[in-house]
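Asker: Sequence first, predicted model second:
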Amino acid sequence: MLELPESEKLCTLALVNTPGIGSVTIRLLISYCGSAEKVFKADFKKLIKIPGVGEKVARLILKREGLAQAEKEWTDCIKSGAALHFFSDNAYPSRLKSLYDAPVVLYSKGHFDYNSHRTVGIVGTRQITDYGKGITETIIRDLVPYGPLVVSGLAYGVDITAHKASLKHGLSTIGVMASGLNVIYPAIHQKTAKEMQGNGGLVTENALATKPDSMRFPARNRIIAGLSDITIVVESANKGGSLITVEFAQNYHREVFAVPGNITSTQSEGCNQLIRENKASIFTSVQDMAEAIGWSSKNKEGVVSVNKVSSPGESSLVFDGFTQDEGQVLSLLRRQGTMQVDELSWQSGMHLNKLATLLLNLEFQGVVKSLPGKKYGLI
C-alpha cells in the first residue's frame, strides 16, 4: 500500500475535524466516494445516501470548515515534531488495521515500532496497592527476555508503574492518551512522558491541544486493547476503565490475563471476577503466560524462532494442489512464521468467516496448526 499524498491526508484530517463524524463513518465516506478528497467534491444528494450520513452531517462536510482546521493542525504537528499516521498508510499499526472502530488517524511522538513482534498491554486501578505495585514491577522485569512493546495509558497507579518499570528495564513502552500530545494528563507525569519518548513514546487519536473528558477515556482504552496482543489486568475494582479495556480486547479476539488478589481487597474484586466468569485467564507468572500463548520458544536473544525462508539449494514448501485463497494464506504464514487471525484477514483481504472455514480445512489437511492467542502457523 502506497503512502497517501499530502492533499489526501489533509482532507482525511479535515473529516476527522468535522463535528458529528466518527471513525466508522469516515471510512464509509472514503469507501463510497473513493478518497477523502472526493468526499469534499461530492454533492449533497450523494452524501446523504451514504449510511450514517444524514442531512446535518452532509451540510457540515459541504461547508468545508474542517479543511482550514486541518491545515493548521498539520502545520502545528510539523512544528512540534508530532507524527501523523493515517489508516491507509504503511506506517499505521497493523494490529489496528482490521478493527472496525480503529482511529482514522493517530498522532505520536517518540521512537518505537507499532508493529513490534510482541505487544503487551498492562492496565489496572489508579488506586494501586503495594501488592499491585510489586506485581506490576515483577511482570515488567520478567517480560524482558521476551522483548515486547509495553502498552498502557499513562494514568496514575498501574499504568505509570508499568511505564516507569519498562524504562528501568529497557523495554520500549508507549502511553496511549485520552488527550492531545500537547496536554499531558495527569500533568505530574510529564517527566516520565518525556523519558518515554527516548525508548517508546506517546500515542493518541486526538488533536494536539485536546483536553481529556469522560468520553475520551473509553475511546483511549479501545486503542490500548487493539494495540496489545495480550492485556494483563493487575488490579481492578468491580467497575472501571480496566474492565472496559477487557471488553474491547475480547471483542478484538485478544488474550486477557488477570492477576488474582486478596478476596477481601476491593482493588482485586474486578480481577477475581474476570477469572471467576472465565473472561480472563489467571495470571500466575510471565513464564506460565508465555507458555500458554506460545511464547516459550526463544533463542538466546529472547526472540521467538520463526520459519526461515528457504535459500537456493534448500528444500522449500510448494503450495501445489491448493486453491488460490489457500495458497495466499499459506504464503503469508510461510513468510511471517505465525500470524493472528485478524492480521491474516487484513493482509489476505478475506472476511473472517471465510478465513475461519479455510483455516479449518487446512488444519484437516495437516498443513496448518492452531496456536494459543488465536494464531496460526505452518506445520
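Answerer: It's in.
Asker: Torsion angles phi and psi at residue 175?
Answerer: Backbone geometry at residue 175, expressed as degrees, to the nearest 10, gives phi -110, psi 120.
Asker: and what of residue 182?
Answerer: With angles defined as degrees, to the nearest 10, residue 182 sits at phi -90, psi 0.
Asker: For the closest residue to it other than its chain neighbours, list the residues it contacts.
Answerer: Distances taken as C-beta to C-beta, 6 or more residues apart in numbering put residue 208 closest to residue 182, at 4.6 Å, once the chain neighbours are dropped. (Each C-beta comes from the backbone N, C-alpha and C, glycine too.) Residue 208 is in contact with 73, 76-77, 80, 82, 107, 180-182, counting by C-beta atoms under 8 Å, 6 or more residues apart in numbering.
Asker: Out of those, list just those in strands.
Answerer: residue 107 (DSSP state E).
Asker: Break down the stretch 151-300 of the chain into its strands, ranges please.
Answerer: Using DSSP state E, counting those that start in this stretch, the strands of the stretch 151-300 of the chain run over 173-176, 200-204, 230-233, 255-258, 281-282.
Asker: out of the contacts of residue 208, which one sits closest to residue 321?
Answerer: residue 107 (47.7 Å; C-beta to C-beta).
Asker: Give me the neighbour count for that closest one.
Answerer: 24 (other C-beta atoms under 10 Å).
Asker: What count of nearby residues applies to the nearest residue to residue 153 once chain neighbours are set aside?
Answerer: Nearest residue to residue 153 in three dimensions, chain neighbours excluded: residue 159, at 4.7 Å (C-beta to C-beta, 6+ apart). Residues near residue 159, counting by other C-beta under 10 Å, number 27.
Asker: Please apply the same query to residue 21.
Answerer: Neighbours of residue 21 (other C-beta under 10 Å): 21.
Asker: Hmm, residue 58 and it touching each other?
Answerer: No - at 10.4 Å, residue 21 and residue 58 do not qualify as touching, with contact defined as C-beta atoms under 8 Å.
Asker: can you list residues touching both of those two?
Answerer: Contacts common to residue 21 and residue 58, judged by C-beta under 8 Å, 6+ apart, are absent.
Asker: next one: phi and psi at the residue lying closest to residue 204 once chain neighbours are set aside?
Answerer: Of all residues not flanking residue 204 in the chain, residue 177 sits nearest, at 4.1 Å (C-beta to C-beta, 6+ apart). Here is the backbone geometry of residue 177 (degrees, to the nearest 10): phi -100, psi 150.
Asker: Could you pull up the contacting residues of residue 177?
Answerer: By C-beta under 8 Å, 6+ apart, residue 177 lies in contact with 153-154, 184-185, 202-204, 206, 212, 220.
Asker: which among those residues gets closest to residue 342?
Answerer: Nearest member of these to residue 342, counting by C-beta to C-beta, is residue 203, at 19.2 Å.
Asker: The closest one and residue 54, how far apart?
Answerer: Separation of residue 203 from residue 54 (C-beta to C-beta, to the nearest Å): 31 Å.
Asker: In terms of neighbours, single out the busier of these two.
Answerer: The residue with more neighbours, out of residue 203 and residue 54, is residue 203; 27 against 11, by other C-beta under 10 Å.
Asker: Please tell me I have it right and the more buried one contacts residue 174.
Answerer: Yes - with contact defined as C-beta under 8 Å, residue 203 counts as touching residue 174 (5.4 Å).
Asker: Could you name every residue contacting both of those two?
Answerer: 108, 227.
Asker: quick one: which of the strands of the stretch 151-300 of the chain is nearest residue 323?
Answerer: strand 255-258 (30.4 Å).
Asker: Adjacent strands (with direction) for that closest one?
Answerer: Strand 255-258 has its sheet partners listed here by DSSP bridges as strand 230-233 (parallel), strand 281-282 (parallel).
Asker: that older thread, save the contacts of residue 177 as CSV, and put in distance to residue 115 and pLDDT too.
Answerer: Below are these laid out as CSV (distance: C-beta to C-beta, whole Å; pLDDT from 0 to 100):
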residue, distance to residue 115, pLDDT
153, 20, 97
154, 21, 97
184, 25, 97
185, 27, 96
202, 17, 98
203, 13, 98
204, 18, 98
206, 22, 95
212, 27, 93
220, 20, 96
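Asker: Just the closest of the residues you listed to residue 335, please.
Answerer: Taking C-beta to C-beta as the measure, residue 335 lies nearest residue 203 of the contacts of residue 177, at 27.2 Å.
Asker: Spatially nearest residue to the residue nearest in space to the middle of the chain, not counting backbone neighbours?
Answerer: Nearest to the geometric centre of the chain sits residue 227, at 1.8 Å (C-alpha atoms, centre = their mean). Leaving aside its sequence neighbours, residue 227 sits nearest to residue 151 (C-beta to C-beta, 6+ apart; 5.1 Å).
Asker: neighbours of that neighbour, just the number please.
Answerer: When neighbours are defined as other C-beta under 10 Å, residue 151 has 32 of them.
Asker: Okay, and the beta partners of it?
Answerer: Beta bridges link residue 151 to residue 121, residue 174 when assigned by DSSP bridges.
Asker: Double-check it against residue 174; I have them as touching.
Answerer: Yes - taking contacts as C-beta under 8 Å, residue 151 lies within contact range of residue 174: 5.6 Å.
Asker: overlap in contacts of the two?
Answerer: residue 227.
Asker: Next, the angle from the host helix or strand of residue 110 to strand 200-204.
Answerer: Here residue 110 sits within strand 105-111, counting by DSSP states H and E. Computed by axes from the mean of the first three to the mean of the last three C-alpha atoms, to 10 degrees, the angle separating strand 105-111 from strand 200-204 equals 160 degrees.
Asker: Please consider this matter closed, and thank you.
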